[in-house]
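Engineer: Quick one: sequence and predicted model below, then my questions.
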There are 2 protein chains.
Amino acid sequence: MQDIVIDAPSMRSVIHCGSGTFARYAPLIQGNGIFVITDSNVHRLYSDLIENTFAGATVHVIKAGEASKNYNVLLGILRGMISAGLTRSSVVVALGGGVVGDIAGLAAALYMRGIKIVQIPTTLLSQVDSSVGGKTAIDLDGVKNIVGAFYQPEEVIVDPLFLATLPRRELRCGLGEVVKYGGLDAGIYDSLVKNSDRLFSEEFAEEITPACIRHKAKVVTCDERDVGGARKTLNLGHTTGHAFELYYKRRSHGEYVLIGTYYELYIACKLGVTDASFADDFRALIKKVTGRIPSFGDAANAALVAKYDKKNKVQSQISLIVPKERGVCEEIVLPIEQYAALIGECAAYLKGEKA
Amino acid sequence: MQDIVIDAPSMRSVIHCGSGTFARYAPLIQGNGIFVITDSNVHRLYSDLIENTFAGATVHVIKAGEASKNYNVLLGILRGMISAGLTRSSVVVALGGGVVGDIAGLAAALYMRGIKIVQIPTTLLSQVDSSVGGKTAIDLDGVKNIVGAFYQPEEVIVDPLFLATLPRRELRCGLGEVVKYGGLDAGIYDSLVKNSDRLFSEEFAEEITPACIRHKAKVVTCDERDVGGARKTLNLGHTTGHAFELYYKRRSHGEYVLIGTYYELYIACKLGVTDASFADDFRALIKKVTGRIPSFGDAANAALVAKYDKKNKVQSQISLIVPKERGVCEEIVLPIEQYAALIGECAAYLKGEKA
C-alpha cells in the first residue's frame, strides 16, 4: 500500500494505492449521510460488499455503459441527492468505472456548489486515469465531455481487488491508457516493453498502476485546470481517438485512444516529428494490446469531429499530442483539412497493408 | 470610476465600478467568439446597445423571471454554446439581473469545464450582490440554488447606466440587499440611516454600490468557497427570506430577505442576542424600504422549508445570521421546531399589531 498526493491549487487529493486499501480506507469514510453511486454491472457483482462497507448509505445505481453520461442521468442523481437530504457535510462515493466516476464527480461538484467525493475506481482505465485529477463531465448532443467541472476527490481508493472481475475487453481498454503513459514517461515505456508478453496479467496491472498515477499526479499538481500545457500531454492519442469514438461508437475508449495514437504516429512521421524506428516500436506495443488496427472506411470524415476537441484554440486548427521519442511527446498543430486528409491517407495505407 | 479586486484562491476578479464603465470596458472584451446571455426584458430595452457593443456576437435571450433558473434553460444555453462553436478561448457575457448572472455563470463554469465570463449586472440587486463573488446556480425541484458552482467572473462591469430603466419594485429588491450590508458594515449602516429619506433615488444607489461591493470583495477574498464562516454572514436574513420566497413566491428576493431579517430580529431579541433598541432602529430601516411587514398566515409551515438551507450542517438545526449591533452580526443555531414556532409567534405578533 502507498499514498500518492496531488497538491492541486483547489485542494489536496490523496490516492490510496494497492491491495487491501479498500478494506482499510472505505470503512473510514465519514459524513453526515453517505451517497454511493455505482452502475448496474458493479452493483450486480458487489452489492454485498457495498452494503457491508457502507451500512445505512443511500445507493444510487445507474445503467452501465457510456450512454449513461448524459444530463438525464445526472439530473436523476441530483434528485436522488435532494431526496436523501444530503447536506454540505455529506459524502458522495463513486464506485465504478470511468462513467460512474465522471458523472458522480460532476454531481458532487454541483450539489450545493460542491460536497466531498471519494472515488473508488473499479476498472483499470479509471484506476490509472479518470479517477485521478478531478476532471468530471457528461456528454451533450454527441459532444464528448463538453459539460463538466474540475473538482478534486478528497480521496481515491485504488484497489486491484476489483480487477479480478474485469472482462478482457475492459482490461484492454485500461491498457490503452497505460500505453499512452508509455508515450509520456520513459520508465513506464521501458516497463511496457519489458513486460510485453504479460500485459494482460493482473500482476502487471497491479505493478504498473502506481507508476501511471504518480505520473498523472505530477502533471495535475502543476496544471490542474489544463491551461499550462502540461496536462494537455495526457491527451496523447486522444484527439483522433475521441473523434473515432464519437463517429463509430463500437469499441472502448482505451482502444480508440490506441488506434488514435497509431493514426497520429503516421502523421507525426509524415511531418518529421517522430523518427520512423521509434514509431515502429511504439506501434508494435499498440498492436500487443489491440491486435490489428482497423482501416476505417470513412476515416477522413470521422476525423472532422475532432474540430470540437477542447484542446483546439480555434476549430479550424487541430492539436495533436504525439510520442516523439522514448518518454517524450510533442504537440503538433495543423489545419483541419490537412489533418483529415492525412488520417484518410493512413486508413488507405492500412487497407493496403491488410490486402 | 474605480476598480475593486477580488483575489480569490481560484482566480482574480476585477470589478469596474461607476458611471461610464460600460462604454469604456465592454467594447474591450475579447475572445474567439463572444456569447451574450441576456433576458427578454433587458433585450427589449437594450438590443441596440448590445448589437453596437458586441458586433458579431451570438446573443442568447432567456425568458425574464426567476422561473428561468432551471435546468431546461441551462441546457438551452449550453446547446447554444455548442452551436455557436465556442472554444476554450471564447467569452460569455452575462448582461442582466441575478437570474441571468447565476445561470450564465453556471453555463460558463460547465462549458468545456470552464470558459471566461464577464458579468454586466443591470439591476441594483445583481450590482451590489450576485454578480460579484462567483456563486452561480440553478434551482431544482423547488430547492433554491441547489445545483451550482463557485466560478469567478474575470471581470464585472457595474455601471449605473442600467438603473435608469429599473422598475421601483426592482430597486426595492436591490435595496433589500443594501440594507443587509447595513447589518454587516457600520459605514453602510450609517449611510443608510443618514440617507433614509432618499433610499430610492438613483444617486443614492450609485453612491452606496461601491461600498457594498467592497464589503463583499473583502469577505469573498478570505472565504471564497463559503467554508470559513465569513461568507456565511452575507446570508443575513436569507434563511427565513429564502423559506418565505420558496413558499409564497409572490414578492422579490430582496423583499423576502428584508422580511426574513425582520422576523429573525424577533427571534434574536427573544433569545437575547440583539438589544431591543438596536432591533427597533433596524426594523425602522427595513420598513423604509418594504413598507408594512406581512403577517403570513402560514409562517411556521413556510419556515420549515429552511431545513434545506445550505448553511445548516444537519437538517434538524437551523442557522440564522442576525444583526447584533451596529455593523456586527451573529450566527444563531436552533432546533427547527423551536425556529418554526418562533417564526409563527412573530407572525401572530404582527397580526396583532395590524389589528
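Structural biologist: On my side now, so go ahead.

Engineer: What lies in contact with stretch A:348-355?
Structural biologist: Residues from elsewhere that reach stretch A:348-355 (CB atoms under 8 Å, 6 or more residues apart in numbering or on different chains): A:266, A:292-295. In short, each C-beta sits where N, CA and C put it, glycine included.

Engineer: nearest to chain B, of those residues?
Structural biologist: In terms of CB to the nearest CB, no member of the contacts of stretch A:348-355 lies closer to chain B than residue A:266, at 26.1 Å.

Engineer: Please save the CA atoms from the host helix or strand of that closest one in CSV.
Structural biologist: In this assignment (DSSP states H and E), residue A:266 forms part of helix A:253-270. What follows is helix A:253-270 as a C-alpha-only set of coordinates in CSV (Å, rounded to 0.1, in the frame of the first residue of the first chain):
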residue,chain,number,x,y,z
HIS,A,253,-12.4,4.4,-25.1
GLY,A,254,-9.0,3.0,-24.4
GLU,A,255,-8.9,1.1,-27.7
TYR,A,256,-9.8,4.2,-29.6
VAL,A,257,-7.1,6.1,-27.9
LEU,A,258,-4.6,3.5,-29.0
ILE,A,259,-6.0,3.4,-32.5
GLY,A,260,-5.9,7.2,-32.5
THR,A,261,-2.2,7.1,-31.4
TYR,A,262,-1.5,4.7,-34.2
TYR,A,263,-3.0,7.0,-36.8
GLU,A,264,-1.4,10.1,-35.3
LEU,A,265,2.0,8.4,-35.4
TYR,A,266,1.5,8.2,-39.1
ILE,A,267,1.0,12.0,-39.2
ALA,A,268,4.0,12.6,-36.9
CYS,A,269,6.3,10.6,-39.1
LYS,A,270,5.0,12.3,-42.2
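
Engineer: Check which residues of that helix are buried.
Structural biologist: By neighbour count with 16 or more other CB atoms under 10 Å in any protein chain shown, helix A:253-270 contains the buried residues A:253-269.

Engineer: and residue A:303, how many residues sit next to it?
Structural biologist: 27 (other CB atoms under 10 Å in any protein chain shown).

Engineer: Setting the sequence-adjacent residues aside, check what's closest to residue A:200.
Structural biologist: Closest residue in space to residue A:200, ignoring its immediate chain neighbours: residue A:171 at 5.8 Å, by CB to CB, 6 or more residues apart in numbering or on different chains.

Engineer: Tell me the helix or strand right after the one helix or strand that neighbour maps to.
Structural biologist: Under the criterion of DSSP H and E, residue A:171 resides in helix A:168-182. Counting by DSSP H and E, the next helix or strand C-terminal to helix A:168-182 is helix A:186-194.

Engineer: what about the helix or strand that that following helix is followed by, average pLDDT?
Structural biologist: Following helix A:186-194 in sequence order, the next helix or strand is helix A:202-222 (DSSP H and E). For helix A:202-222, mean pLDDT is 94.

Engineer: Also stretch A:181-195?
Structural biologist: 96.

Engineer: Closest residue of the stretch 251-355 of chain A to chain B?
Structural biologist: For the stretch 251-355 of chain A, CB to the nearest CB, closest residue to chain B: residue A:310, 4.8 Å.

Engineer: Surely that residue is within a strand?
Structural biologist: No: per DSSP: H, G, I helix; E, B strand; the rest coil, residue A:310 lies outside any strand segment and is coil.

Engineer: which parts of chain A sit against chain B?
Structural biologist: A:9-10, A:32, A:71, A:75, A:78-79, A:82, A:85, A:87-89, A:109-114, A:135-137, A:140-141, A:143, A:145-150, A:225-226, A:308, A:310, A:312-315 (CB under 8 Å from any CB of the partner chain).

Engineer: Only whichever of those are buried, select them in ChimeraX.
Structural biologist: Filtering the residues of chain A next to chain B down to the buried ones (16+ other CB under 10 Å) takes a single ChimeraX command:
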select /A:10,71,75,78,82,87,88,109,110,111,112,113,114,135,136,137,140,143,145,146,147,148,149,150,225,226,308,310,312,315
